[in-house]
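Engineer: sequence first, then the predicted structure:
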Amino acid sequence: MLIKKIIQNKILLYGLISETLYLSLFLIDGFFRKTFNDYSIHPKNPIILFFLFAVFGILFFLFIKIYKFIDRNGCDQKSFKIILLFFIIFLLTLIIIPPIGSSDIYCYMATNKALTDYHLNPFTTPASQSPAENTFVNLCSQDWANSTTVYGPVWHIILLPLGIIKTQNFFLNIISFKLLMVLFSALSLFLIYKILNIINPKLKYLGVILYAWNPFILFETANNAHNDIVMIFFILLFIYCLLKKKYVLATIFITFSILIKYISILLLPLFIIFLFKIPPTPFSKKGISKNKQKNALKEKTKIVLSNGFAFLFTLFIFYIPFLNNFSDFKKIIFHIINRSNLISFWYLSPFGYLIGLIYYLISFLNNSLINKYDIMLAIKNYSVFFFLITYIFILFFYIKEKNSVKNLIKYSAYIFIAYLLIANVWLMEWYLLWPLLLLIITDEKNYSLYFLITALALLSYPFSFIGSIIILIIFIFYFQLTEKLKLKLKNV
C-alpha cells in the first residue's frame, strides 16, 4: 500500500530515487578509490568516471522529469513542502560525502586557519607559510597554497566565525564550512522565490525546482562547497534591492559580491546604465524641454555619484583591516593582475581552444614549429580582445532595451556566458553557476539554455569541457535528426 502511494506521488518517487543516487556517491570514497587505488581529488580511473557519468545522467533525467511534471500539473502547498524537504535531504547527504573533483575547500580552510589562528594576512602571506599544524595546506593544491589569496576581503571576513571553532577534528572543520555554504545556498533559493514572486509569479515554483533539485547546483554548493554561491547570493540580494528601489543598498551588495570574487565587476556598467535610465530619463525625447532634460540629467548624476560613493566607501571599509601600508595595497593590485594572467591549456574556454587549434593548423600547413608560450599568449590576447568587443555589443543592446530589472538580469547572464565562452582561460565547472542562477529568474524562453548549461556542467566532471561540448553537439544533432525522420515518416 505504501509502495503504491509512493509510485502515485511523482515528486516523492523522483525524490527517493534521486536521494538513493546521491547516497551512492559514498561508494566513490568508500569503495572505488580503495579498489582502484585512485586517491586524486578529481578521479582519473575510467570506471569511477563512468560511475559519475551514470549517476549524474540519471539525476539530470529525473530533474527534467520533475520540472516537466510541475510545469504541466502545477504545485500545491503539499508538493511544495515535499520539494523543499528533499532539497534539505539532498544537501545534508552531499555535506557528509567528501569533496569529489576539487580541493578548493581545503584551500579555503587553510587560508582561514592561517588568518584566525596564526594572524597571517591572506593578501600578503601565503597559507603555506603558516606552521605545520595547519594540515589543510597539505590537502590544498600547492600552487594555491603558495599563493596569496585570489578572493576579496568580504570572503575572508565571512569565514572568520569558523575560526571560533577551535577543534582538531578534521571532519568537524569541513562540515562546519560546508554548512556555511549550504546556508548561503538556502538563502539564495529564498531570494530566487522572492524575486520571481515580484517579476513573474507564475514561475516561482518552477524557479524553486530549477534551483532546489538541480544536481549540479546541489553538488557544487554542498559537496565541493565552492564560494561562488556566496558571490551569487549577493548578486541576488542586489537584484532584490533593485526591485524594491533600494539603490544604495543594491550598490553595497553588488560591492560585497565583487569583494568575494572580482568577476562580479563586469555587472557594474549595467547597473550604472540602469541608474541613468530611471525615469525621468535625461536622454532626448519628444515633448521634453531642454530645461527638463538638464534637470533630469542632474538628478541622475546625483544618483550615480551617491551610489559611486557607497561603492568606494564599502571598498575602503573592507580593505582597510588588511592594509598596514601603501606597500600592501600595491601587493594586492599586483597579485590580482598577475592572477588574471593565469592560463592553462587544459582549462581553456571553447574560444581559446579554437584559437589554439587555428595556430596549430597554421604551423602544420607551414611545416613550422610555434613556441607553446607564443600560442598561449596569442590565445590570451585574442580571447580578451573578442570578449571586449562582445561586451561592448551586449552593453549597446542593453542600452536600447526598456529599462527594467528583468532586462538587467538577462543581460547580466549573457555577460557571464560571453566571458566563460570567450575570455576565461582558467575555466572550471563551478563557474557555470554564475549565469545559471540568473537564468532561473529571467523567463521560460531562457530555460532551454539553462538546461543546456546544466548538462554541460554535469558532463564536464567525467569529461573535459571540450569533450562535453562535442557530446552535447552529437546528442542535439541526433535528436534533431530523429525528429526530422519522424516528421518524414508521418508524411509518408
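Structural biologist: Looks like it came in fine.
Engineer: from here on, just use CA atoms for contacts and neighbour counts.
Structural biologist: OK.
Engineer: which stretch of helix or strand covers Lys302?
Structural biologist: Taking DSSP states H and E as the criterion, Lys302 maps to helix 290-319.
Engineer: buried residues, that helix. List them.
Structural biologist: The neighbour-count check on helix 290-319 (16 or more other CA atoms under 10 Å) flags 293, 296-297, 299-300, 303-304, 307-308, 310-311, 314-315, 318-319 as buried.
Engineer: how about stretch 352-370?
Structural biologist: For stretch 352-370, the neighbour count (16+ other CA under 10 Å) marks Gly352, Tyr353, Ile355, Gly356, Tyr359, Tyr360 as buried.
Engineer: and the residues you listed, which is closest to Thr390?
Structural biologist: Taking CA to CA as the measure, Thr390 lies nearest Gly352 of the buried residues of stretch 352-370, at 14.8 Å.
Engineer: residues touching the residue nearest the centre of the chain, list them.
Structural biologist: With distances taken as CA atoms, centre = their mean, the residue of the chain nearest its centroid is Leu433 (2.6 Å). Neighbouring residues of Leu433 by CA atoms under 8 Å, 6 or more residues apart in numbering: Ile217, Asp228, Ile229.
Engineer: do I have it right that the last one meets Ser185?
Structural biologist: Yes. Between Ile229 and Ser185 a contact is recorded at 6.4 Å, counting by CA atoms under 8 Å.
Engineer: list the residues that contact both of those two?
Structural biologist: Common contact partners of Ile229 and Ser185 (CA under 8 Å, 6+ apart): Thr221.
Engineer: quick one, strands of the stretch 1-150 of the chain?
Structural biologist: Counting by DSSP state E, counting those that start in this stretch, no segments of the stretch 1-150 of the chain form strands.
Engineer: any chance you could map the helices in it?
Structural biologist: 2-8, 10-24, 26-27, 33-36, 46-73, 77-96, 104-116, 136-139, 142-145 (DSSP state H, counting those that start in this stretch).
Engineer: which one of those is the most hemmed in?
Structural biologist: helix 104-116 (a mean of 23; mean count of other CA atoms under 10 Å).
Engineer: so which other helices or strands are in contact with it?
Structural biologist: helix 136-139, helix 142-145 (3 or more CA pairs under 8 Å, 6 or more residues apart in numbering; DSSP states H and E).
Engineer: could I get those helices as a markdown table with distance to Ile265?
Structural biologist: A markdown table is the format used below for the helices and strands packed on helix 104-116 (distance: least, CA to CA, whole Å):
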| stretch | distance to Ile265 |
| --- | --- |
| helix 136-139 | 30 |
| helix 142-145 | 23 |
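Engineer: and those helices as TSV, adding mean pLDDT?
Structural biologist: Listed next are the helices and strands packed on helix 104-116 as TSV, based on pLDDT from 0 to 100:
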stretch	mean pLDDT
helix 136-139	85
helix 142-145	79
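Engineer: for the nearest residue to Tyr419 once chain neighbours are set aside, phi and psi?
Structural biologist: Closest residue to Tyr419 apart from its sequence neighbours, by CA to CA, 6 or more residues apart in numbering: Phe387 at 6.5 Å. Phi and psi for Phe387, reported as degrees, to the nearest 10, are phi -70, psi -40.
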